[in-house]
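>>> sequence? don't have it. structure:
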Ligand code: ADP
């Protein structure tokens with residue numbers, strides 16, 4: 001006769017199965033964390049680009065107006081009994097140049113907005129910075145802020161994701177612009193400099209002439225959802241820090257009474 005009573009569960013998993021299961025669960029939660037980070041990073045980038053739309057429109061308007069003016073000029077040179085072919089050719093060359101410039105702006109925006117997994121490319125950090133300066137120049141001019149650069153020539157390449165590093169630069173420049181905001185007095189400048197460190201890193205500094213940061217908050221500003229802005233989300237710096245750390249570098253802030261805030265990051269050089 002079979003004994004009655006509650007069924008006793010039979011343990012079929014060995015300790016090593018249990019370790020494998022836990023490891024798999026850990027990997028899965030790491031994957032989910034990474035996915036969420038990527039989604040946040042993407043949302044932040046799209047929001048910033050939306051905010052920059054006036055600046056981007058201005059950036060596109062210039063070459064497009066150039067195209068129209070040159071096309072009208074070409075038509076004039078081609079009119080009449082004795083069309084001036086060389087002048088018309090010059091105007092047409094300007095149309096090609098301006099058309100390509102507008103195309104470049106589109107390409108830069110498209111790569112920034114695209115949702116793509118992180119890449120590992122060999123990059124010149126100066127190029128990454130100059131592309132973002134191109135996109136933010138209009139917004140800076142609107143705010144009467146000058147973006148100055150001191151980019152070291154012949155920097156070693158770094159390995160990383162162009163779009164993510166552009167996002168970091170974009171966030172730091174936008175924060176600097178907002179910090180300078182509507183201050184009446186003093187210089188209105190952002191200085192971006194790059195250099196190679198003796199320990200084999202490329203170093204980037206974004207320094208502004210805003211009010212600076214209370215030294216007591218120098219670490220807190222990197223916390224997720226920490227913001228002092230009425231419409232701020234407080235995600236920008238926390239995303240920037242995780243991007244830089246994923247590249248094997250560090251991101252930190254310093255502040256001076258006279259010089260506003262200074263955000264600096266390092267990324268290991270390769271080769
Ligand atoms: P958000 O811009 O949405 O507030 P961030 O994470 O980018 O989010 O910034 C967090 C906070 O850090 C800002 O609200 C601001 O108080 C401070 N901060 C960031 N950049 C600067 C800067 N350049 N100068 C002064 N304060 C800054």
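Everything's here; your move. All values reported here derive from a predicted model rather than from experimental measurement. Numbers count the residues shown, from 1 in each chain.

>>> gap between the residue positioned nearest the centre of the chain and the ligand?
Nearest to the geometric centre of the chain sits residue 167, at 1.6 Å (Cα atoms, centre = their mean). Look at residue 167 and the ligand: by Cβ to the nearest ligand atom, to the nearest Å, they are 11 Å apart. For glycine as for every other residue, the C-beta is placed from the backbone atoms N, C-alpha and C.

>>> Just the element for that residue, please.
Residue 167 is part of helix 162-180 when elements are defined by DSSP states H and E.

>>> Buried residues, that helix. List them.
162-177, 179-180 (16 or more other Cβ atoms under 10 Å).

>>> Could you list which residues are in contact with the residue nearest to the centre of the chain?
Each residue near residue 167 by Cβ atoms under 8 Å, 6 or more residues apart in numbering is listed here: 41, 44, 45, 48, 112, 239, 240, 243.

>>> Tell me the secondary structure at the fifth one.
It refers to residue 112. Three-state assignment for residue 112 (DSSP: H, G, I helix; E, B strand; the rest coil): helix.

>>> mind listing what it touches?
By Cβ under 8 Å, 6+ apart, the residues touching residue 112 are 45, 49, 135, 163, 166, 167, 170.

>>> Let's see that with 10 Å instead.
Contact partners of residue 112, counting by Cβ atoms under 10 Å, 6 or more residues apart in numbering, are 45-46, 48-49, 52, 131-132, 135, 162-163, 166-167, 170.

>>> what's the closest of these to residue 20?
Nearest to residue 20 among these, counting by Cβ to Cβ, is residue 163 at 35.5 Å.

>>> was I right about that closest one contacting residue 111?
Yes. Applying Cβ atoms under 10 Å, one finds residue 163 in contact with residue 111, separated by 6.0 Å.

>>> Now pLDDT too, for the contacts of residue 112, in JSON lines please.
Below are the contacts of residue 112 laid out as JSON lines (pLDDT from 0 to 100):
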{"residue": "45", "pLDDT": "77"}
{"residue": "46", "pLDDT": "80"}
{"residue": "48", "pLDDT": "79"}
{"residue": "49", "pLDDT": "77"}
{"residue": "52", "pLDDT": "78"}
{"residue": "131", "pLDDT": "89"}
{"residue": "132", "pLDDT": "90"}
{"residue": "135", "pLDDT": "85"}
{"residue": "162", "pLDDT": "90"}
{"residue": "163", "pLDDT": "88"}
{"residue": "166", "pLDDT": "91"}
{"residue": "167", "pLDDT": "90"}
{"residue": "170", "pLDDT": "91"}
